[in-house]
Each structure stands twice: as structure tokens, then as C-alpha cells.
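Q: fold the following and give me the result.
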Amino acid sequence: MTLLLALAIAAAPAQIVGTPEPIVLGSSFTIASKPLHERRRVNVVLPLDYGKDATKRYPVIYVIDGGVQQDLLNIAAVAQNGGMWGRSAEAILVGIETNDRRKELVGPTRDPELLNKYPTAGSSAAFRAFIRDEVKPFVERTYRTNGRDVVVGESLAALFIVETYMNEPGLFGGYGAIDPSLWWDKEALSKDAAKQIGARQSGRPLYLAIAKETSEEPAAVNRLLASVSKEAKALCFNKRPDLTHATIYQQVAPQMLQFLLPAAEPAPSEFGFEVSCSPRP
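A: Numbering: from 1, shown residues only. Coordinates of the predicted model:
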């Protein structure tokens, strides 16, 4: 073969056989929500082996800000990888999209500055009712769930998760809050923690991670931590001043799922899967 012929073959475009096939990652559903008075989207990604055994049941990971253009794909990748390698349990992933995050993810405020800037704020209770009364029943009657579930999110979604952990802890079996926006409403949520956290939260693990910005102004998170019993084994606090608010979610999500939904059989130690929990302040 001459050099010119070899170069011509190498430069020739690849021959595509057949028509392109779509890659299906999950399913998207629209719920006509009564608590929210509008149609809302919920996205579901199933474990890789879901269709192989019709008797097998799975825990559920609910992702707040779970739209395709939000955090769904990030957590779907972490969950699938964790399940394949035995880092965390295989799970059904349910992404709950948000439309107006200031409206849906924060509670009422009387702060005139916040109300002026975010006039729709304060409907977290309605969003929680949407999850409790519509999303969870839909998932449980449609898919093979096993009764275990956790909820995860970051920033304002994590604030909503902390609020749910405090006010309605029985809604989920475990809680993952990554760098929650506890500064909201002059740190009002953390100031109520001592009154709200107690026996009701017992047995419901909480994974709480904070980044550089929160580490530098820790008053609110310190109040929250002080309210959780010192004897509670179901708490992992992960202080990461080496990470920023923009980078922490991607970095700690594998540990979060490992803590909240550990695999039935621990992965070999040489895999290096660890959950790092920081000392409490």
C-alpha cells in the first residue's frame, strides 16, 4: 500500500450503518399538581438491572432541582456508578424539577428586602405537599420500591431539605444537604433548630456538607449542628473549605450516597471508598 493510498483511507469519513438510535436514560412525567395549581415535571431514572428481575425492589433517591438541565444527570451518574461498583445501593432516581426556586424552596419571610427582591418567596410548604401527596404516591405505585428513600440537593434545595428534616422528618428516610443556603432570611431556619430537632429525627441519617463560603461564616450551621444530639450516629458533617459552593456537590455526592444508602455488601477496601466526616465544632 502506497503512502498516498494509506493517507486517503485514513482521511475517509466513517461509514454509518443504519439509522441513529436514541439513548434512553429515563422517563419524564407531568403531574397536574393540586397543591401547586400547575403542571409539574418529574423525571425517573431506573437502575441498570431493573428489568432483569421482576421481584427485586429498590430504594429511592429523590433529587430536588431534579430537572435534566438541573442536577438530575449529575446524581444519576453518581448513583449508577455507585451501584455498579458496590459503593452505594442500587436505587431508583426521581428528579423533581423546580420552576421558581425562591418560591418553592424557602419558607415564609417577613423581611421586606427579601420580599421586595423575591416577591414569590415562601411556598416551601406547598412544594412539600406536592412531594408528599402526589410525587411519592405516584412513585410507590408505579415502581418496585422497597420502603427506603432519601432526599438530596444543594444550595436552596439543601435549605428546603434541612427545613423538611426539621419540620416533617418522617417524609424521608434520610437527608443529604450540600452547602444549604442557611443565610436565607437572616439565618431564621437555624435559629429554630433547637426547638424542632429531637426524637422525631431519630434514625433518619443526615449528611451535611459545607463549602468554603459557609465555613468562613459558620454561625448558622453551628446552630444546626448543636441541635443534633451529640450521641446521634446518623449524622455525617463534612466541612470542605477546599471546595467552593460551585464545586462541592459534584465532589461529595458519592460519599453522600454511600452514607445514606450503603451497599448491602461493603466494597473491597482497596477500592478506597470512604466517607469523611469532620469533627463537630
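Q: which residue ranges of the stretch 51-200 of the chain form helices?
A: When assigned using DSSP state H, counting those that start in this stretch, the helices of the stretch 51-200 of the chain occupy the ranges 72-85, 101-104, 112-117, 124-130, 136-142, 156-167, 184-191, 193-196.
Q: just those: most buried one?
A: Neighbour counts averaged per stretch over those are highest for helix 156-167, at a mean of 24; criterion: mean count of other CB atoms under 10 Å. (C-beta placed from N, C-alpha, C; glycine too.)
Q: where among the helices of the stretch 51-200 of the chain is average confidence lowest?
A: For those, the bottom mean pLDDT is recorded on helix 112-117, which sits at a mean of 88.
Q: before we move on, the earlier item: out of the helices of the stretch 51-200 of the chain, which gets nearest to residue 205?
A: Ranking the helices of the stretch 51-200 of the chain by distance to residue 205, with CB to CB as the measure, places helix 156-167 first at 10.1 Å.
Q: got the CA coordinates for the closest one in CSV?
A: As requested, the backbone C-alpha atoms of helix 156-167 are provided in CSV (Å, rounded to 0.1, in the frame of the first residue of the first chain):
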residue,chain,number,x,y,z
LEU,A,156,-31.5,26.4,48.1
ALA,A,157,-32.6,22.8,47.6
ALA,A,158,-30.5,21.8,50.6
LEU,A,159,-32.2,24.6,52.6
PHE,A,160,-35.5,23.0,51.7
ILE,A,161,-34.1,19.6,52.8
VAL,A,162,-33.0,21.0,56.1
GLU,A,163,-36.4,22.6,56.6
THR,A,164,-38.1,19.3,55.8
TYR,A,165,-35.7,17.4,58.2
MET,A,166,-36.7,19.9,60.9
ASN,A,167,-40.4,20.2,60.3
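Q: give me the helices and strands touching that helix, please.
A: Packing contacts for helix 156-167, counted by 3 or more CB pairs under 8 Å, 6 or more residues apart in numbering; DSSP states H and E, involve strand 58-64, helix 101-104, helix 124-130, strand 145-154, strand 174-178, helix 184-191, helix 193-196.
Q: for the ones you listed, which one sits closest to residue 167?
A: Nearest to residue 167 among the helices and strands packed on helix 156-167 is helix 193-196 (6.4 Å), distances taken as CB to CB.
Q: what's downstream of the element among helices and strands of the chain having the smallest mean pLDDT, the next helix or strand?
A: Taking mean pLDDT, DSSP states H and E as the measure, the helices and strands of the chain show their lowest mean at helix 3-11, namely a mean of 60. Towards the C-terminus, the helix or strand next in line after helix 3-11, according to DSSP states H and E, is strand 27-33.
Q: by contact count, what packs against the very next helix or strand once past that following strand?
A: Next in sequence after strand 27-33, counting helices and strands by DSSP H and E, comes strand 38-45. When contacts are defined as 3+ CB pairs under 8 Å, 6+ apart, strand 38-45 sits against strand 27-33, helix 72-85, strand 92-96.
Q: among these, which is nearest residue 122?
A: Going by CB to CB, the one of these nearest residue 122 is strand 27-33, 17.3 Å.
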